[in-house]
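Undergrad: next input, structure requested:
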Amino acid sequence: MNRLAVRAALLAIGAICALPAHGQAQPATGPAATSEPASKKQRLLEDKARAEPARDAERARWRKELRRRVGQKPAALINIYNTWTHEFVAVEATGDIGTPPAQMVNRFLRCHFTNHPTTMDAALFGVLVRAARHFKAPRVDIVSGFRAPKYNLILRKKGRRVARKSEHTFGNAVDFRLPGITTERLRTWARRQKLGGVGYYRDDRFIHVDTGPVRYWAE
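TA: Presented below is the predicted three-dimensional model:
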């Protein structure tokens, strides 16, 4: 190949390399190239401007609430503890009793053997809180709440001291103790409530309270 042919070939290769790749978009020029980004940016700025007052108001509200809370003593709590499931429900020790929602109470006092809840008598949770408030006890220990009929029958076959038609199986009873408070004192207080049945279990250190007929017994 002579020099002229080589030079012509090199020029052709250079021209091919200078061409844009197939399908590659070329930068646009003129006003149309900047109109879309500018429009999107403008919308973002407008959205931010509209949201900013709401954010400022929320920050101001929280700053005010924080100033109100700083230096205040936290509210005293009563911790109600399920000795079987190791779960807690906390309520304030002063003011309104503030019973938690019924669904929460039913779940909290469920049968630990079957893990099934029932509809508990609403008065029972109030008794627990009032007892703790009366004795200024920070904790209530639940020994038994709802007891499924199947579990109640198992306990009877094992010779445990449970009634055949226990109020526990209807969601009308709870067994509990207050750590640091004698069972005798707790029993005396419970009888004065005239809510229903009160059972006294000295050796096991708990009392039984139900919303059935008023009656008393000791084991």
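Undergrad: all contacts plus neighbour counts: C-alpha atoms, from now on.
TA: Fine.
Undergrad: and the next helix or strand past the helix or strand residue 141 falls within?
TA: Per DSSP states H and E: residue 141 is located in strand 139-144. Next in sequence after strand 139-144, counting helices and strands by DSSP H and E, comes helix 149-157.
Undergrad: against which helices or strands is that following helix packed?
TA: Judged by 3 or more CA pairs under 8 Å, 6 or more residues apart in numbering; DSSP states H and E, helix 149-157 is in contact with no other helix or strand.
Undergrad: low-confidence regions, the chain specifically.
TA: Low-confidence segments of the chain, defined by pLDDT under 70: 1-38, 95-98.
Undergrad: residue ranges for the helices of the chain, please.
TA: 3-18, 32-69, 102-108, 122-135, 149-157, 183-193 (DSSP state H).
Undergrad: what is residue 201 paired to in the beta sheet?
TA: For residue 201, the beta-bridge partners under DSSP bridges are residue 206.
Undergrad: what sits against it?
TA: When contacts are counted by CA atoms under 8 Å, 6 or more residues apart in numbering, residue 201 touches 183, 207, 208, 218, 219.
Undergrad: tell me the strands beside the strand holding residue 141, with direction?
TA: Here, using DSSP bridges, strand 139-144 pairs with strand 77-82 (parallel), strand 173-177 (antiparallel).
Undergrad: which of the ones you listed is buried the deepest?
TA: Mean neighbour count (mean count of other CA atoms under 10 Å) peaks for strand 173-177 among those, with a mean of 24.
Undergrad: how far does it sit from its chain's centre?
TA: Distance, stretch centre to chain centre, for strand 173-177: 24 Å (CA atoms, centre = their mean, to the nearest Å).
Undergrad: helix 122-135 and that strand, what's the angle between them?
TA: 20 degrees (axes from the mean of the first three to the mean of the last three CA atoms, to 10 degrees).
Undergrad: who's in contact with strand 173-177?
TA: With contacts defined as CA under 8 Å, 6+ apart, strand 173-177 is touched by 121, 124, 140-146, 167-168, 183, 186, 205-211.
Undergrad: from these, list the buried ones, please.
TA: Neighbour-count burial (16 or more other CA atoms under 10 Å) is assigned, among the contacts of strand 173-177, to 121, 124, 140-146, 167-168, 183, 186, 205-211.
Undergrad: which residues does residue 144 form beta bridges with?
TA: residue 175.
Undergrad: can you pull the contacts of it?
TA: Counted by CA under 8 Å, 6+ apart, residue 144 has contacts 109, 174, 175, 176.
Undergrad: do you know how far it is from residue 86?
TA: 12 Å (CA to CA, to the nearest Å).
Undergrad: also residue 189?
TA: Using CA to CA, we find residue 189 at a distance of 26 Å from residue 86.
Undergrad: ok, those two, which is more surrounded?
TA: residue 189 (14 against 10; other CA atoms under 10 Å).
Undergrad: pull the contacting residues for that one.
TA: residue 131.
Undergrad: same thing but 10 Å
TA: 131, 134, 135, 183 (CA atoms under 10 Å, 6 or more residues apart in numbering).
Undergrad: what is the burial count for the residue lying closest to residue 102 once chain neighbours are set aside?
TA: Spatial nearest neighbour of residue 102, excluding adjacent residues (CA to CA, 6 or more residues apart in numbering): residue 122 at 7.3 Å. Residue neighbour count, defined by other CA under 10 Å, stands at 16 for residue 122.
Undergrad: just checking, residue 122 touches residue 106?
TA: Yes - using CA atoms under 10 Å, residue 122 is in contact with residue 106, at 9.3 Å.
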